[in-house]
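K.L.:
the sequence and its predicted three-dimensional model are supplied below.
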Amino acid sequence: MRDFRIDTFLEVCRCMNFTRASEALNITQPAVSQHIHYLESFYGAKLFKYEGKKMYLTDAGNTLYQAAITMKHDDLYLKQIIRDSGKKKNSLVFGATLTIGEFVIARGIRKYLSLYPDTEVRMLEGNTSELLEKLNAGEIDFAVVEGNYSKKKYDDLPYSQERYIPVCGRDHVFQSKPKKLADLLSERIIIRESGSGTRDIFEKNMEARNLEIRDFKYTVEIEGINAIKSLVEEGCGITFLYEAAVKKELESGSLMEIKLEDFQVLHDFAFIWNRGSIFSEHYREIYKILKT
C-alpha cells in the first residue's frame, strides 16, 4: 500500500501548483506543503524547483514521478487481484488505438479467451496520448499503440509491423496514372482527425518529402475509419490507412491500393506498460498470447 503523500505529490505534478492541488485533493495548502516536505526529507532531495514564477520537477522529482505512476497502478492492480481472488472470473483491462482495436487485435483476444474463458475483458480505445494518460492514472494495465511514447517511461515489446498505404475506390478515375506521392496532390484527401496515430504517421511522411496535408487540392477530415472507407468506396476521394484496416475491402475489390514509387511505409505497433512494474512478467505472458 503506497503512502498517501504520494497521491499528493502526483496531484502537485499534475497541477504544478500547490493551491490548485489542495483544492483538487480537498485539503489545505499547508497540508500539501507538509506532504511534499516529508517526501523531500525522506528521499533527501528537492522535488520541485522554480524558474521565475513557474514550477518544474527537478531530476529527482521526475525520477520519483515515474516511479510513483508505476506504484499507483501496481497498487490498484494488486487491490483488484486480491478483491477478485475469491471469484472465479479474472479481468483484463487494457487500451488500444483505434486501428489496432478494430482491425488488428481481435485474433489475439480470441486466443486469450480460448485459454481463459472466464476472463472479463475491457478494452478502451483512444489515441496514443489518451491511452498514456490512462496508463499513468492506473485506469488500464497496458496498451497496444501506434503512436509515439517515451522509452524512458514505459517498458515495451514489438507487437506487429504494418504497411501504411494509399487507397482509392475501384471506380476512381485519375487524370493521369499516379507514380509518386506528389501526383496525388490534385485529389481530395480524406483523413483522420488531428491527434490520431493514422494522421500522425501520414503527416510525418509528408514532412519527410517536404509536403503538407494542405498541399492537397481538397481535404475532408473524418474521425471514424469505417466512415472514411465508405466515402472512399463511394468515390469521394482517396485516403491513406494501414493495410490491416482495409484488408477485407482490398480482398473484395471495393478498394484498391495506389501503387507509388516513393511511398513504401512500414510502421511498428507496440505493446507498452508502466516501466518497472512488479507485474511486468505477467504482462509479458499476456503479450505472448495476444501477439499470436
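P.N.:
Everything's here; your move. Numbers count the residues shown, from 1 in each chain.
K.L.:
show me where the stretch 101-250 of the chain has strands.
P.N.:
For the stretch 101-250 of the chain, the strands defined by DSSP state E, counting those that start in this stretch cover 120-125, 142-145, 154-169, 188-191, 218-221, 239-242.
K.L.:
out of these, which is closest to Lys111?
P.N.:
For the strands of the stretch 101-250 of the chain, proximity to Lys111 was assessed by Cβ to Cβ; strand 120-125 is nearest, at 12.0 Å. For glycine as for every other residue, the C-beta is placed from the backbone atoms N, C-alpha and C.
K.L.:
what lines up beside the closest one in the sheet?
P.N.:
For strand 120-125, the paired strands and their directions (DSSP bridges) read strand 91-96 (parallel).
K.L.:
now tell me what touches the strand it pairs with from outside.
P.N.:
Residues outside strand 91-96 that contact it (Cβ atoms under 8 Å, 6 or more residues apart in numbering) are 80, 84, 104-105, 112, 119-126, 130-131, 134-135, 139-145, 286.
K.L.:
starting at the chain centroid, how far to that strand?
P.N.:
In terms of Cα atoms, centre = their mean, to the nearest Å, the centre of strand 91-96 is found 13 Å from the chain centre.
K.L.:
now the angle from that strand to strand 154-169?
P.N.:
Angle, strand 91-96 to strand 154-169, by axes from the mean of the first three to the mean of the last three Cα atoms, to 10 degrees: 60 degrees.
K.L.:
for strand 91-96, give the mean pLDDT please.
P.N.:
For strand 91-96, mean pLDDT is 93.
K.L.:
which secondary structure element is home to the nearest residue to Glu11 once chain neighbours are set aside?
P.N.:
Of all residues not flanking Glu11 in the chain, Ala21 sits nearest, at 4.5 Å (Cβ to Cβ, 6 or more residues apart in numbering). Using DSSP states H and E, Ala21 falls within helix 18-25.
K.L.:
got the CA coordinates for that helix in PDB?
P.N.:
This file holds the C-alpha atoms of helix 18-25, laid out as PDB (Å, rounded to 0.1, in the frame of the first residue of the first chain):
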ATOM      1  CA  PHE A  18       0.200  23.800  -4.600                       C
ATOM      2  CA  THR A  19      -3.100  25.800  -4.300                       C
ATOM      3  CA  ARG A  20      -4.800  24.000  -7.200                       C
ATOM      4  CA  ALA A  21      -3.500  20.700  -5.900                       C
ATOM      5  CA  SER A  22      -5.000  21.400  -2.400                       C
ATOM      6  CA  GLU A  23      -8.400  22.300  -4.000                       C
ATOM      7  CA  ALA A  24      -8.400  19.100  -6.100                       C
ATOM      8  CA  LEU A  25      -7.500  17.000  -3.000                       C
END
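K.L.:
who does that helix touch, helix- and strand-wise?
P.N.:
Using 3 or more Cβ pairs under 8 Å, 6 or more residues apart in numbering; DSSP states H and E, the elements in contact with helix 18-25 are helix 4-15, helix 29-43.
K.L.:
how far off centre is the shortest one?
P.N.:
On the basis of Cα atoms, centre = their mean, helix 4-15 sits 23 Å off its chain's mean C-alpha point.
K.L.:
same check, this time on stretch 227-242
P.N.:
With Cα atoms, centre = their mean, you get 24 Å for stretch 227-242.
K.L.:
buried residues in that stretch?
P.N.:
Using 16 or more other Cβ atoms under 10 Å as the test for burial, stretch 227-242 gives 228-233, 236-242.
K.L.:
what's stretch 153-163 in contact with?
P.N.:
Contact with stretch 153-163 is made by 66, 69, 100, 104, 132, 135, 144, 146, 149, 242-244, 265-277, 280, 283-284, 287, 290-291, as judged by Cβ under 8 Å, 6+ apart.
K.L.:
just the buried residues of that stretch, please?
P.N.:
Neighbour-count burial for stretch 153-163 [16+ other Cβ under 10 Å]: 153-156, 159-160, 162.
K.L.:
ditto for stretch 26-34
P.N.:
Residues Val32 are the ones in stretch 26-34 that count as buried (16+ other Cβ under 10 Å).
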